[in-house]
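Participant: need a structure here:
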Amino acid sequence: MIIQLEKGIQQQDLQKLRDSLNGIDYKSNEVQTQFQHYIIGVGKKEFDIRSIGTLPGIKDIHRVSDAYKLVSRKWRVEDSVIDLGDGVKLGTGHFEIMAGPCSIESDEQIETTLQHLQKNNIRIMRGGVYKPRSSPYSFRGLGLEGLVRWHEAAKRYGIKIITEVMMTEQIEDMLPYVDILQVGARNSQNFNLLDALGKIDKPVLLKRGISGTIDELLQAAEYIFSNGNEKIMLCERGIRSYEKAYRNTMDINAIPILKEKTHLPVIADPSHGIGVRRHVSKVALATVAAGADGVIMEVHAQPEKAFSDGQQTLNFSEANKAYEDMRKMREIVNGG
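Facilitator: Numbers count the residues shown, from 1 in each chain. This is a model prediction of the structure:
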């Protein structure tokens, strides 16, 4: 059960609500976000919802049977839209492409990529400054110093930044320089990190775990929401399966299912989803056709020389065509 509270609810009314929930053996959990004050009631006993809904200080009340409640569509019919400012929005009706290299490598690379994105009206640049790598001997990013330089350059172009955060200790230092914090597949069930990201007022893109189910992804998002941050996007990036012909099994099915189950924006990552450069654009089109609210993909001036993930990264010429095709597909999906 989700109870939306009136703004400025009186303390005695809040206590009366808690007592009423306790009286029907429901545990009450208080959640205060950027936008709303909630009480989440958890219990199994059947009761007349009007006995709670008519109490003073209550704006609305909803029955939600899902284990994940705040991110469920069962109580919020309207889709959530993430507003990054300067006219950049993500969510239903606000399709955006996020593009850039797997790793931020140099000032020259940053500048070249920003010029490419600006020419193609791409408003969000992706890139990694802290890179989780399978081998400890691989390039692991330029760190905070690289992020600061990237932020300064992106600001000149009016382009937003999305980058991965790996530890709770990094959040405070990164906050002034990012527009979206990304939680990678390896950290999708790092509950300490999710708790901490719930306590900030900054959008979070949460990737599906390497072998994670849809319900596990939604439960992970619930951790962030229940700690106070409603600005969440979900990302389908493929799951590990027995197939070895490509990097991951891109679960196109997940996109419409997530759109059905949650009000949160759903983003697709075809680069990691298939991991084969010559097929990334085709998979990207499939995700747009399936209803994705945005696509995040890897592009590089010279993928063959990229410090990481060059095998799944488009060059600028390939990316130009992919952007055009995705926008055309979006028009078709919208009936345009």
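
Participant: the strands in the protein, which residues?
Facilitator: For the chain, the strands identified by DSSP state E occupy 2-5, 27-32, 37-42, 58-62, 82-85, 88-90, 96-100, 124-126, 160-164, 180-183, 204-207, 232-236, 266-268, 294-298, in order along the chain.

Participant: adjacent strands (with direction) for the fifth one?
Facilitator: Using DSSP bridges, the neighbouring strands of strand 82-85 in the sheet come out as strand 88-90 (antiparallel).

Participant: just how off-centre is the partner strand within its chain?
Facilitator: Between the mean C-alpha location of strand 88-90 and the chain-wide mean there is a distance of 12 Å, by C-alpha atoms, centre = their mean, to the nearest Å.

Participant: for stretch 72-82, same thing?
Facilitator: Centre-to-centre, stretch 72-82 and its host chain are 14 Å apart (C-alpha atoms, centre = their mean).

Participant: and it, what's buried?
Facilitator: Counting neighbours by 16 or more other C-beta atoms under 10 Å, one finds that the buried residues in stretch 72-82 are S72, R73, K74, W75, R76, D79, S80, I82. C-beta here means a position set from N, CA and C on the backbone, and glycine is covered the same way.

Participant: so what's the last one up against?
Facilitator: For I82, the contact set (C-beta atoms under 8 Å, 6 or more residues apart in numbering) comprises K89, L90, G91, P203, K231, M233, P265.

Participant: mind putting the strands of the chain into JSON lines with mean pLDDT and distance to Q312?
Facilitator: Formatted as JSON lines, the entries for the strands of the chain read as follows, by pLDDT from 0 to 100; distance: least, C-beta to C-beta, whole Å:
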{"stretch": "strand 2-5", "mean pLDDT": "96", "distance to Q312": "40"}
{"stretch": "strand 27-32", "mean pLDDT": "95", "distance to Q312": "38"}
{"stretch": "strand 37-42", "mean pLDDT": "95", "distance to Q312": "40"}
{"stretch": "strand 58-62", "mean pLDDT": "95", "distance to Q312": "41"}
{"stretch": "strand 82-85", "mean pLDDT": "97", "distance to Q312": "26"}
{"stretch": "strand 88-90", "mean pLDDT": "97", "distance to Q312": "23"}
{"stretch": "strand 96-100", "mean pLDDT": "98", "distance to Q312": "13"}
{"stretch": "strand 124-126", "mean pLDDT": "98", "distance to Q312": "13"}
{"stretch": "strand 160-164", "mean pLDDT": "98", "distance to Q312": "16"}
{"stretch": "strand 180-183", "mean pLDDT": "98", "distance to Q312": "17"}
{"stretch": "strand 204-207", "mean pLDDT": "98", "distance to Q312": "15"}
{"stretch": "strand 232-236", "mean pLDDT": "98", "distance to Q312": "15"}
{"stretch": "strand 266-268", "mean pLDDT": "98", "distance to Q312": "14"}
{"stretch": "strand 294-298", "mean pLDDT": "98", "distance to Q312": "6"}
